[in-house]
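1. below is the sequence, then the predicted model.
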Amino acid sequence: MNDVFGNKQCEPPFAKSKWYRHGEYDYNECIYQPTKWEESCRFVVMRIRQEKADQKQLNLPECEGYVYRIFVTNLTERPHIVIANYNRRAGVENLIGEAQREGILAVPSRNFQSNHAFFQIVMLAYNLWRWMKLLAGHCEQKQRRGLEVAESKKITIPDHTIRIARLKLLYVAAKIQYHGRRDVVKYSLHDARAEGLIEFLKYLDKRRKVLPLAA
């Protein structure tokens with residue numbers, strides 16, 4: 001079984017000549033057998049300059065000015081690839097935690113079929129919010145490439161959890177009116193955030209028109 005897990009207790013000896021740079025950080029690896037371990041294992045490490053990192057991490061004494069992320073693995077890829085794979089798994093754990101906070105832990109009954117339907121509805125709502133956040137992030141990227149939008153007029157919901165993003169949308173001033181046999185949502189022109197939300201809704205309309213309908 002291929003695996004990788006973080007380790008903050010050991011201080012394996014990484015050879016100075018084996019450090020290499022990939023992107024913004026340095027990486028290294030070694031084979032090391034900690035005390036009371038039954039066999040030697042492969043350790044990989046990411047070295048980060050202290051001003052860019054969390055100060056809670058344990059420092060290795062031979063290199064001041066850096067903090068380290070150390071992992072034990074049986075994967076054979078280069079260290080930066082192994083650590084990137086671990087980071088993606090950590091991202092999934094964050095999504096699971098967010099889905100739990102959004103209601104999936106609120107089991108409504110002792111009936112299996114009722115709980116099955118409840119979980120389906122919760123996950124559908126959660127995935128719709130995630131989809132909207134991803135599209136909002138894509139919309140902001142398009143705006144940066146074209147017309148620059150003032151920070152006060154952006155919604156910036158991709159950078160927040162679903163709960164905070166939802167609150168940001170609820171705080172945009174608006175009212176619902178019935179006009180021409182249609183329910184219409186009107187946003188306040190005096191709310192600087194309304195322009196960002198309107199731009200996002202226009203972006204959704206454009207995406208809806210160009211994407212083919214599902215069969």
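-> Thanks, I have it.

2. the lowest-mean-pLDDT helix or strand in the chain pairs with which strands, and in what direction?
-> One helix or strand of the chain scores below all others by mean pLDDT, DSSP states H and E: strand 4-6, with a mean of 72. Strand pairing for strand 4-6, determined by DSSP bridges: strand 66-73 (antiparallel).

3. any idea how the chain splits into domains?
-> Using automatic domain parsing, the domain ranges for the chain come out as 4-86, 118-210.

4. worst average pLDDT in those domains?
-> Taking the mean pLDDT of each of those, the lowest value is held by domain 118-210, a mean of 76.

5. now the end-to-end length of that domain.
-> Chord length of domain 118-210, first to last residue, is 33 Å (Cα to Cα, to the nearest Å).

6. what about stretch 9-20, start to end distance?
-> From its first residue to its last, stretch 9-20 covers 23 Å (Cα to Cα).

7. and the contacts of that stretch?
-> Outside of stretch 9-20, the residues that reach it under the criterion Cβ atoms under 8 Å, 6 or more residues apart in numbering are 26-30, 32, 34, 43, 45, 47, 60-61, 70. Glycine gets a C-beta too; all of them are placed from N, C-alpha and C.

8. at 10 Å what do you get?
-> Outside stretch 9-20, the residues within contact range by Cβ atoms under 10 Å, 6 or more residues apart in numbering are 26-35, 37, 40-45, 47, 58-63, 68, 70, 72, 78-80.

9. same question, stretch 111-123
-> By Cβ under 10 Å, 6+ apart, the surrounding residues in contact with stretch 111-123 are 99-100, 102-109.

10. and of those, the nearest to Asn7?
-> Closest approach to Asn7 among those (Cβ to Cβ): Gln100, at 26.5 Å.

11. enumerate every residue touching that closest one.
-> With contacts defined as Cβ under 10 Å, 6+ apart, the neighbours of Gln100 are 106, 122, 126.

12. re earlier: out of the contacts of stretch 9-20, which are buried?
-> Buried members of the contacts of stretch 9-20, counted by 16 or more other Cβ atoms under 10 Å: 26-29, 32, 41-45, 47, 60, 68, 70, 72, 79-80.

13. strands of the chain, start to end?
-> Remark: strands of the chain, listed N- to C-terminal, are 4-6, 20-22, 25-32, 41-49, 66-73, 174-179, 182-187; assignment by DSSP state E.

14. can you pull the contacts of the closest residue to Phe14 other than its chain neighbours?
-> For Phe14, ignoring the flanking residues on the chain, the nearest one in space by Cβ to Cβ, 6 or more residues apart in numbering is Asn28 at 4.3 Å. Asn28 makes contact with 12, 14-20, 43-47, 68, 70, 79 under the criterion Cβ under 10 Å, 6+ apart.

15. can you get me a residue count around Pro81?
-> One correction, residue 81 is Ile, not Pro. The local packing count at Ile81 equals 14, with neighbours defined by other Cβ atoms under 10 Å.

16. so it touches Leu75, yeah?
-> Yes: using Cβ atoms under 10 Å, Ile81 is in contact with Leu75, at 8.0 Å.

17. joint contacts of these two?
-> Residues touching both Ile81 and Leu75 (Cβ under 10 Å, 6+ apart) are Val44.
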